[in-house]
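> task: produce atomic coordinates for the following.
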Amino acid sequence: MLRYAFQTLKARKGGFIGAFLALMCAAALVTACGILLETGLRGTIGTERYAAAPVIVGGDQNVHQTTVKQKKGKTKTKHKAKPLAERVWLPGSTVTALEKVPGARAVVPEITFPAYAVDPDGRVVQGVDGKPSYGHAWASAALTPFTLVDGSAPASAADVVVDRELAGRTGLKTGSKLTVQSTDAPRTYTVTGIAAPTGGDLKQQTSLFFATTEAQRLSGRDGQITAIGVLPAKGVGTAELADQVKKALDGTTAQVVTGGDRGPVEFLDAAKARIKLVSMGGAIGGTSLLVAILVVVGTFALSIQQRYRELALLRAIAATPKQVRQLIGREALIVGLLAGVLGAAAGLPIAYWLHHKFVGFGTIPDTLEVTFSFFPFAAAVGAALLGAWAAARISARRTARIRPAEALAESAMERTGFAWGRFLAGALTLAGGVVLLAVLSVLKTEPASTPVTFLTVVVLAVAVALLGPVIARLAVAVLGVPLRASRVAGHLATANVRANTKRMASAITPLALLIGMACTVLFVQTTMGDAASAQAEDGNRADWVVASSGPGVPEQAADALRATPGVTAITEVVRTSVRVGLDKYPSQGLSTDGLRKNWDPDVTEGTLAGFGTRSVALSEVAADHLGKKPGDSLKITLGDGTVVTLKVAAVYARGLGFGDLTMAHDLLARHVDNPLASSVLVKTTDDGTVGREQLQKAVGAFPGVGVLDRGQVEDLQAEVQQSNAEVNYVAMGLIIAFTAIAVVNTLAMSVSDRFREFALLRLVGTTRRQVMSMLRIESLVVVLIAAALGSGIAFAVLTAFSIGMTGAAAPSVDPRMYLGVLGFAGLLALLATVVPGRLSLTGRPADVIGSRQ
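This next block holds a predicted model:
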């Protein structure tokens with residue numbers, strides 16, 4: 001049977017090329033997603049600042065939860081941990097505890113905080129390649145190590161040492177005056193030295209070094225340190241030293257790390273990016289598999305339909321149903337194996353390309369290196385084999401089961417009876433899609449709704465595939481009258497569509513999936529973004545917004561604005577995320593003085609009157625999830641691990657625009673890495689005496705700080721939303737590209753199998769032009785039906801998503817983008833139909849029929 005399978009593949013390469021390409025693309029996507037998933041789970045995060053310290057001590061960056069359950073007389077303990085948003089600092093006493101550790105040559109405390117150079121024109125200088133810039137105490141230079149290449153170490157609070165890369169970019173020299181914007185008001189220092197790492201300039205950060213007392217002041221963390229590096233004495237191994245350090249810190253929450261585990265302590269964003277990468281890899285991979293199964297089943301079904309005559313003859317010459325199933329199954333396994341191997345190899349460069357794109361978008365740092373093993377490649381080959389075999393068995397189920405006489409009869413023309421089994425399966429799948437829509441409409445958080453959103457699109461597309469023949473018949477009944485306006489071509493197209501509804505359905509399904517998936521990917525982002533922007537705009541009562549191109553707006557700038565005549569309210573805003581239990585919530589801290597003048601979150605319960613440092617306001621979503629109401633107490637773990645208990649003062653409706661939790665600025669600013677305000681809301685008198693010039697003059701001494709009107713703020717928000725959306729566009733764009741390839745495959749296969757039909761039309765007097773017109777009309781019918789179905793799927797899903805996330809059935813659709821999707825789908829369908837059609841009309845009709853006997 002295997003020999004016959006090889007012979008069939010050799011003789012009908014064209015019939016299997018579509019399935020081969022679909023499976024290869026699916027395997028490539030599975031490989032790429034598997035590599036991203038593995039990178040997130042165990043990818044190495046390189047270290048720079050701590051390169052010379054083999055043992056690093058850092059704070060515990062996780063919040064923990066332990067649950068104990070009794071089941072059947074047995075006690076089951078489950079421990080879970082989730083990462084915190086900000087750095088957890090260590091008490092200064094930790095250094096004292098380590099100074100007497102056996103085998104330690106030196107114990108070096110590290111202090112890290114944002115610190116940016118300011119050029120002579122008052123512009124904030126970004127770090128190397130646009131990356132962050134940090135300040136440190138000079139005492140921690142040994143951790144890299146940095147050594148002076150010019151000048152001397154900082155001896156007083158007015159001194160600073162800059163790294164060689166920054167000095168080269170800005171022209172700084174020993175003795176130069178340098179203004180530094182850090183976590184306080186900008187201050188001018190004297191450059192006493194230039195330092196360089198012994199292994200070459202750092203590529204992930206820029207470093208400025210201060211005297212220890214000044215670094216401690218700028219960090220805003222009196223008596224606390226970022227991390228500790230322990231350097232070994234001569235002859236002491238890393239493992240031995242780490243064990244001694246762990247013994248000295250027994251009973252504390254400090255974490256001792258060595259080797260590749262040092263990177264997450266230095267680069268917190270890289271550690272958090274691991275989780276994001278796991279989630280993206282899983283979401284893309286899962287959706288890819290669902291789409292692949294749907295596409296491959298359709299492609300195999302069309303391939304088997306084109307071979308119906310051959311399979312019918314096999315049944316007629318006594319081939320058993322089992323033998324037919326084995327033949328088709330082995331053909332599928334051969335195709336699946338070849339496609340899986342090639343697709344797995346193609347998935348590696350795709351994974352690197354995705355990693356590069358995500359790094360460029362800032363979603364993950366480039367310190368998180370791509371990591372992979374044999375498993376993603378094996379999974380891709382296995383998925384291709386399983387998908388091919390399952391698709392072939394499903395597609396060949398009826399072909400292998402029917403009696404030989406029926407098989408021969410149906411090979412001549414498409415079966416005209418109604419397939420009740422297929423219709424019932426389609427109806428049940430459609431009902432499942434409706435249930436998913438109902439579920440989606442009650443999901444109010446993005447992590448919960450996103451996977452259900454794309455699953456619903458695929459399930460509804462499966463329903464379209466199963467109900468395709470019925471849909472095609474109904475569509476022809478509706479479109480038949482206008483199609484006959486083109487007498488010959490329209491009549492032929494209508495007759496063909498009516499007589500070959502299965503073929504029509506196989507062309508409609510991938511195109512409808514393409515349109516539905518593309519519209520969903522595009523407009524989920526715009527729906528969320530526009531709803532958040534609308535809520536933020538409606539709730540912002542400020543006349544002006546002050547923002548910074550640097551690390552933030554200093555407190556002194558806010559004080560200068562408060563002192564400006566005509567300013568009636570100033571609200572500083574700092575943003576972070578916190579955890580309640582293990583659940584993560586986006587949060588903001590707002591100045592409590594004059595809060596209600598600048599901010600209106602649409603309070604639905606409670607009041608903001610008397611809102612203070614022991615108060616918290618919740619969005620309706622958070623309040624519902626946590627089961628809290630005004631007057632209740634809420635235990636919150638802040639970004640740096642500090643646990644506070646606050647009183648719920650109010651519940652508000654505009655959670656998308658302002659985050660789920662709102663606290664006092666003075667509370668939150670003490671527990672974030674960067675205490676500077678991300679923005680400052682300014683309310684002025686109504687007489688118009690205070691304008692941008694007066695406000696800009698008030699903050700003129702602060703580098704990078706500018707005054708924006710409401711329109712400029714909205715433009716900035718749109719840019720941020722677009723930047724965030726680009727990640728999803730790239731990730732899901734691969735699936736859309738895969739679906740587009742499937743569309744071309746299916747349509748091209750459908751047309752290329754009609755050589756004999758076109759030749760017969762030519763022999764009975766139909767011209768080439770009329771045949772091509774017929775094909776274009778058929779293509780138009782396919783596009784119209786697919787556009788209606790795909791748009792219906794997308795807008796049903798988007799409406800349910802909008803109801804759940806925003807509380808209103810108001811999906812945001814950009815007409816130009818929507819028309820672009822339809823135009824792209826139409827162009828694909830036209831090219832995939834017209835090009836094979838023209839090729840099929842190149843030979844003489846009699847020769848074509850003779851060669852196909």
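> alpha carbons only for contacts and neighbour counts from here, please
OK.
> is it true that G566 touches T684?
Yes - using Cα atoms under 8 Å, G566 is in contact with T684, at 5.6 Å.
> shared neighbours, these two?
Listed contacts common to G566 and T684 are V690; contacts here mean Cα atoms under 8 Å, 6 or more residues apart in numbering.
> roughly how far apart are A787 and L514?
Separation of A787 from L514 (Cα to Cα, to the nearest Å) stands at 9 Å.
> show me what the strand or helix carrying F20 packs onto, helices and strands only.
Using DSSP states H and E, F20 falls within helix 13-42. In terms of contacts (3 or more Cα pairs under 8 Å, 6 or more residues apart in numbering; DSSP states H and E), helix 13-42 is packed against helix 268-306, helix 321-361, helix 375-395, helix 710-752.
> rerun at 10 Å
Under the contact criterion of 3 or more Cα pairs under 10 Å, 6 or more residues apart in numbering; DSSP states H and E, helix 13-42 touches helix 2-11, helix 268-306, helix 321-361, helix 375-395, helix 710-752.
> in that helix, what's buried?
For helix 13-42, a neighbour-count test (16 or more other Cα atoms under 10 Å) marks 15-40 as buried.
> E110 contacts S219, correct?
No - assessed by Cα atoms under 10 Å, E110 is found out of contact with S219, at 11.0 Å.
> hey, what's in contact with both of these two?
Counting by Cα atoms under 10 Å, 6 or more residues apart in numbering, the residues touching both E110 and S219 are H136, I225, T226.
> strands of the stretch 651-800 of the chain, residue ranges please.
661-664, 679-684, 705-708 (DSSP state E, counting those that start in this stretch).
> can you lay out these as TSV showing mean neighbour count and distance to F801?
Output for these, formatted as TSV (neighbours: other Cα atoms under 10 Å; distance: least, Cα to Cα, whole Å):
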stretch	mean neighbour count	distance to F801
strand 661-664	24	22
strand 679-684	24	30
strand 705-708	21	33
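> any chance of those in a markdown table, plus distance to A332?
Below are the strands of the stretch 651-800 of the chain laid out as a markdown table (distance: least, Cα to Cα, whole Å):
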| stretch | distance to A332 |
| --- | --- |
| strand 661-664 | 54 |
| strand 679-684 | 60 |
| strand 705-708 | 62 |
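> figure out which of these is closest to G594.
Closest approach to G594 among those is made by strand 679-684 (9.2 Å; Cα to Cα).
> how about V68, phi and psi?
phi -120, psi 120 (degrees, to the nearest 10).
> okay, now the closest residue to it other than its chain neighbours: neighbour count?
Take V68 and drop its neighbours on the chain: the residue closest to it by Cα to Cα, 6 or more residues apart in numbering is T77, 4.5 Å away. When counting by other Cα atoms under 10 Å, one arrives at 10 neighbours for T77.
> can you pull the contacts of T77?
Counting by Cα under 10 Å, 6+ apart, T77 has contacts T66, T67, V68, K69, Q70.
> show me which of these is closest to R596.
Of those, the one sitting nearest to R596 (Cα to Cα) turns out to be T66, at 39.9 Å.
> my read: that closest one touches K82, true?
No - using Cα under 10 Å, T66 is not in contact with K82, being 11.9 Å away.
> circling back: including pLDDT, neighbour count and secondary structure, could the contacts of T77 go into CSV?
CSV is the format used below for these (pLDDT from 0 to 100; neighbours: other Cα atoms under 10 Å; DSSP: H, G, I helix; E, B strand; the rest coil):
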residue, pLDDT, neighbour count, secondary structure
T66, 82, 9, strand
T67, 80, 9, strand
V68, 75, 10, strand
K69, 76, 11, strand
Q70, 71, 9, strand
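> just to revisit the earlier point, neighbour count: A787 and L514, which is higher?
L514 (30 against 24).
> so what pLDDT did A787 get?
Note on A787: pLDDT of 90.
> just the one 3 residues further on next, same as before
Among the per-residue scores, G790 holds a pLDDT of 90.
> and what of the one 3 residues further on?
I793 carries a pLDDT value of 93.
> quick one, what contacts the nearest residue to it once chain neighbours are set aside?
Among residues not flanking I793 along the chain, G516 sits closest, at 5.8 Å (Cα to Cα, 6+ apart). G516 is in contact with 454, 457-458, 460-461, 510, 736, 786-797, 821, counting by Cα under 10 Å, 6+ apart.
> could you confirm P586 falls within a strand?
Yes - under DSSP: H, G, I helix; E, B strand; the rest coil, P586 falls within a strand.
> ok so, going back, could you check how far the residue nearest to I793 is from G655?
28 Å.
> got it, and V291?
33 Å.
> domain-wise, how is this protein divided?
1-45+267-412, 56-263, 424-532+723-853, 550-703 (automatic domain parsing).
> list buried residues within the contacts of G516.
454, 457-458, 460-461, 510, 736, 786-787, 789-797, 821.
> give me the angle between the helix holding F20 and helix 375-395.
140 degrees (axes from the mean of the first three to the mean of the last three Cα atoms, to 10 degrees).
> what about the residue lying closest to A786 once chain neighbours are set aside, how many neighbours?
Leaving aside its sequence neighbours, A786 sits nearest to A512 (Cα to Cα, 6+ apart; 4.4 Å). Residues near A512, counting by other Cα under 10 Å, number 31.
> A512 and A825 touch, don't they?
Yes - the pair A512 / A825 is scored as a contact, 8.9 Å apart, by Cα under 10 Å.
> overlap in contacts, those two.
V743, V783, A786, A787.
> just give me the closest of those residues to T96.
Closest to T96, out of all of the shared contacts of A512 and A825 and judged by Cα to Cα, is V743, at 67.6 Å.
> list the contacts for that closest one?
18, 22, 295, 299, 506-514, 737, 749, 825, 828-829, 832.
> any of these buried? List them.
Among those, those buried by neighbour count (16+ other Cα under 10 Å) are 18, 22, 295, 299, 506-514, 749, 825, 828-829, 832.
> how much space separates A81 from A142?
33 Å.
> neighbour-wise, which of the two wins?
A142 (19 against 13).
> ok, that one touching I228?
No - in this structure A142 lies outside contact range of I228 using Cα under 10 Å: 11.4 Å.
> show me the common contact partners of those two, please.
Joint contacts of A142 and I228 (Cα under 10 Å, 6+ apart) are Y50, A53, V108.
> among those residues, which are in helices?
Of the shared contacts of A142 and I228, none are assigned to helices by DSSP state H.
> could you dump these into CSV with neighbour count, distance to A351 and pLDDT added?
What follows is the shared contacts of A142 and I228, written out as CSV (neighbours: other Cα atoms under 10 Å; distance: Cα to Cα, whole Å; pLDDT from 0 to 100):
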residue, neighbour count, distance to A351, pLDDT
Y50, 24, 29, 93
A53, 23, 32, 93
V108, 20, 39, 95
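> of those residues, closest to L338?
Y50 (46.5 Å).
> any idea how far that closest one lies from V256?
13 Å.
> again, but for F658
On the measure of Cα to Cα, F658 and V256 end up 37 Å apart.
> likewise for L747?
Separation of L747 from V256 (Cα to Cα) stands at 60 Å.
> try V341
On the measure of Cα to Cα, V341 and V256 end up 42 Å apart.
> show me where the stretch 501-650 of the chain has its helices.
Under the criterion DSSP state H, counting those that start in this stretch, helices of the stretch 501-650 of the chain are mapped to 501-539, 555-562, 595-598, 620-626.
> ok, which of the ones you listed comes nearest F374?
Using Cα to Cα, the nearest of the helices of the stretch 501-650 of the chain to F374 is helix 501-539, at 30.9 Å.
> what angle do that closest one and helix 268-306 make?
Using the same axes, to 10 degrees: helix 501-539 against helix 268-306 is 160 degrees.
> and helix 501-539, which residues are buried?
Neighbour-count burial for helix 501-539 [16+ other Cα under 10 Å]: 501-537, 539.
> quick one: mean pLDDT over that helix.
On average, helix 501-539 scores 82.
> and it, how far from the chain's centre?
16 Å (Cα atoms, centre = their mean, to the nearest Å).
> what does R221 show for phi and psi?
phi -120, psi 70.
> likewise for the one 4 residues further on?
Phi and psi for I225, reported as degrees, to the nearest 10, are phi -130, psi 160.
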